[in-house]
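1. model the following, please.
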Amino acid sequence: MADTSSSAPASSGTAPAPPVAGGVHSDAALELAPDIGAIGGQALIEGVMMRRADHWGAAVRCDDGSVKTTAEELKDLGIWRKIPLARGAIALVESMTVGMRALLWAASERATEEEQAPTRVGLALSAVIAIVLSLAVFGVGPAAVAHWVGPKSSVLFNLAEGAVRLALLFGYLLLLSASSEVRRTFEYHGAEHMTIHALEHGLALTPDNIRRFDRRHPRCGTSFLVVTVIVAVVVFTFLGRPSLPWLIVSRIVLLPVVAGLSYEAIRFAGNHRHSWYGKVLMVPGNLVQRITTRPPSDDQIQVAVEALYAVLAVSPVPGLVLPAHGPTTPPPASASGPTRDTPAPPAVEPAVSPPT
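-> The predicted structure is shown next:
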């Protein structure tokens, strides 16, 4: 998710910034626009999901080159989304449920007559299995290994547990990145981040503007995973070195607390991303995002832009004017994005379908 804290006028006439090491772009010279609100997202198979406030939208590219979009409203949880710590646990659960709905929609839209789209039951069952395995491998497993290794000191014990957990996480992501299909999803992940950056900084969503920005984002879900490992070391150190049964129970029961604290840390880093302390807080997440994001192509950026248009159409930003929507087509050579009161230089208008 993303929040904003400072201002910048809309513009699309600035030359793209030069890339820094690793093909990651810098947005340090720009400021955040003040009124965008929280924007989050997720890469899908050949698509992108975007979320703002109580709505989410998604876009997916079909085999014929067309792009289909959708948008839905979420249940209003009222004050619960505003309570520190509690909102972190809620955001974790919501992200999982919205992500599954978006994945199911994207798979259904891309399914051909010969292919059968996944069902809700099948996807839910897969999610439950994935959650159980994640808790066992990444939650309880490292604690059990540290218990068997046997450091007596509470600090050393929790550092050992955190080191095992980080090694498993990075190893798993590196293994995933060996797949060409996963690498393509990582490219959509980069397109999602870069497009959100451009909107947050008040720029029109043209490919040139979007490519100015870092493909990493301070509130990325993979950053959240790394931060939870670090926060868990601090939280669990206060518990000492309990017996194995209590060790396992504590790692499960205190997960919402760890998630809540991690969410607040990431939220703070995102709001202060251009300050020195915000950059320090973003270092762990930036490292893992070098694995989980890749430089996107123009057609992948186009999908991310259309996903953002889909959610902004139902959850508008005050003062933000969206281009007219039309039938979807394969991506044009260039595209214009939403502008504010200051008009941007002319550009080819993208073909974006209305939310379904």
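2. rest of the way, CA atoms for contacts and neighbours
-> OK.
3. show me where pLDDT drops low in the stretch 51-200 of the chain?
-> 112-120, 123 (pLDDT under 70).
4. can you give me the helices for it?
-> 86-110, 120-134, 141-149, 154-176, 180-200 (DSSP state H, counting those that start in this stretch).
5. what residue, apart from its backbone neighbours, is nearest the residue sitting furthest away from the middle of the chain spatially?
-> When distances are taken from the C-alpha mean of the chain, Lys152 lies farthest, 38.0 Å away, according to Cα atoms, centre = their mean. Excluding its sequence neighbours, the residue lying closest to Lys152 (Cα to Cα, 6 or more residues apart in numbering) is Arg241, at 7.6 Å.
6. and that neighbour, which of the three is it?
-> When classified by DSSP: H, G, I helix; E, B strand; the rest coil, Arg241 comes out as coil.
7. residues near it, how many?
-> Burial of Arg241, expressed as a neighbour count using other Cα atoms under 10 Å, amounts to 21.
8. Val235 now?
-> 15.
9. chain neighbours aside, what residue packs nearest to it?
-> The shortest distance from Val235 to any non-neighbouring residue, by Cα to Cα, 6+ apart, is to Val258 (7.3 Å).
10. where's the one you found, which helix or strand?
-> helix 255-271 (DSSP states H and E).
11. show me what counts as buried in that helix.
-> 256-271 (16 or more other Cα atoms under 10 Å).
12. quick check, nearest of these to Asn209?
-> Taking Cα to Cα as the measure, Asn209 lies nearest Gly270 of the buried residues of helix 255-271, at 20.1 Å.
13. what's the spacing between the most centrally placed residue in the chain and His193?
-> Central residue of the chain (Cα atoms, centre = their mean): Cys220, 4.0 Å from the mean position. With distances taken as Cα to Cα, to the nearest Å, Cys220 is found 8 Å from His193.
14. repeat for Pro296
-> Counting by Cα to Cα, the gap from Pro296 to His193 is 10 Å.
15. comparing the two, which residue is more hemmed in?
-> Between Pro296 and His193, His193 has the larger neighbour count (other Cα under 10 Å), namely 27 against 21.
16. what about Leu74, how many neighbours?
-> With other Cα under 10 Å as criterion, Leu74 counts 13.
17. which non-adjacent residue is nearest it?
-> Leu74's closest residue in space is Asp54 (Cα to Cα, 6+ apart), at 4.9 Å.
18. ok, that neighbour touching Gly78?
-> No: using Cα atoms under 8 Å, Asp54 is not in contact with Gly78; the gap is 10.0 Å.
19. so for these two, which residue has more residues nearby?
-> Asp54 (14 against 8).
20. for the more buried one, which residues are in contact?
-> 73-76, 315 (Cα atoms under 8 Å, 6 or more residues apart in numbering).
21. narrow those to just the buried residues.
-> Judged by 16+ other Cα under 10 Å, buried ones among these: Ser315.
22. ok, of the contacts of Asp54, which one's closest to Met50?
-> Ser315 (11.1 Å).
23. what residue ranges in the stretch 201-350 of the chain score low on pLDDT?
-> 321-350.
24. ok so, going back, in strands, which of the contacts of Asp54 appear?
-> The strands, defined by DSSP state E, take in Glu73 from these.
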